[in-house]
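Asks: predicted model and sequence below, questions to follow.
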Amino acid sequence: MKKLSLYSMTIFSLLLLTSCEAVETIFKAGMWWGIILVVGVIALIIWLFSRGKNS
């Protein structure tokens, strides 16, 4: 069911957006996911180091 939803959203966006707008949207989403993941990894590393010093 999730695959069908993902495919239908992809086809819908390709039909409505021009190619440049579609690529721009994909890269914006990728940029935000990258920022969120980097912040999460840094927070995890800081948490692990602070946990290790308390023990």
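Replies: The structure has been received and is ready for your questions. Numbers count the residues shown, from 1 in each chain.
Asks: C-alpha only now, for contacts and for neighbours.
Replies: OK.
Asks: burial of residue 48, as a residue count?
Replies: Residues contacting residue 48 under the criterion other C-alpha atoms under 10 Å number 11.
Asks: what does residue 25 give?
Replies: For residue 25, using other C-alpha under 10 Å, the count is 14.
Asks: residues contacting it?
Replies: Residue 25 makes no contacts at all, as judged by C-alpha atoms under 8 Å, 6 or more residues apart in numbering.
Asks: what helix or strand is it located in?
Replies: Element membership for residue 25 (DSSP states H and E) is helix 19-54.
Asks: distance from that helix to the middle of the chain?
Replies: Centroid displacement of helix 19-54 relative to its chain, using C-alpha atoms, centre = their mean, to the nearest Å, is 8 Å.
Asks: shaky segments in this structure?
Replies: 1-4, 14, 17-19, 22, 54-55 (pLDDT under 70).
Asks: can you tell me which residue is nearest the centre of it?
Replies: Closest residue to the average C-alpha location of the chain: residue 33 at 2.6 Å, with C-alpha atoms, centre = their mean.
Asks: now do the contacts for that one.
Replies: Listed by C-alpha under 8 Å, 6+ apart, the contact set of residue 33 is empty.
Asks: let's see that with 10 Å instead.
Replies: Contacts for residue 33 (C-alpha atoms under 10 Å, 6 or more residues apart in numbering) come out as 27, 39.
Asks: now residue 34
Replies: 28, 40.
Asks: go again using 8 Å as the cut-off
Replies: Residue 34 neighbours (C-alpha under 8 Å, 6+ apart): none.
Asks: what's the spacing between it and residue 25?
Replies: Distance of residue 34 to residue 25, given as C-alpha to C-alpha, to the nearest Å: 14 Å.
Asks: likewise residue 35?
Replies: 16 Å.
Asks: try residue 8
Replies: Taking C-alpha to C-alpha, one finds residue 8 at 17 Å from residue 25.
Asks: before we move on, what about residue 53?
Replies: 43 Å.
Asks: now swap in residue 9 and tell me
Replies: With C-alpha to C-alpha as the criterion, residue 9 and residue 25 are 13 Å apart.
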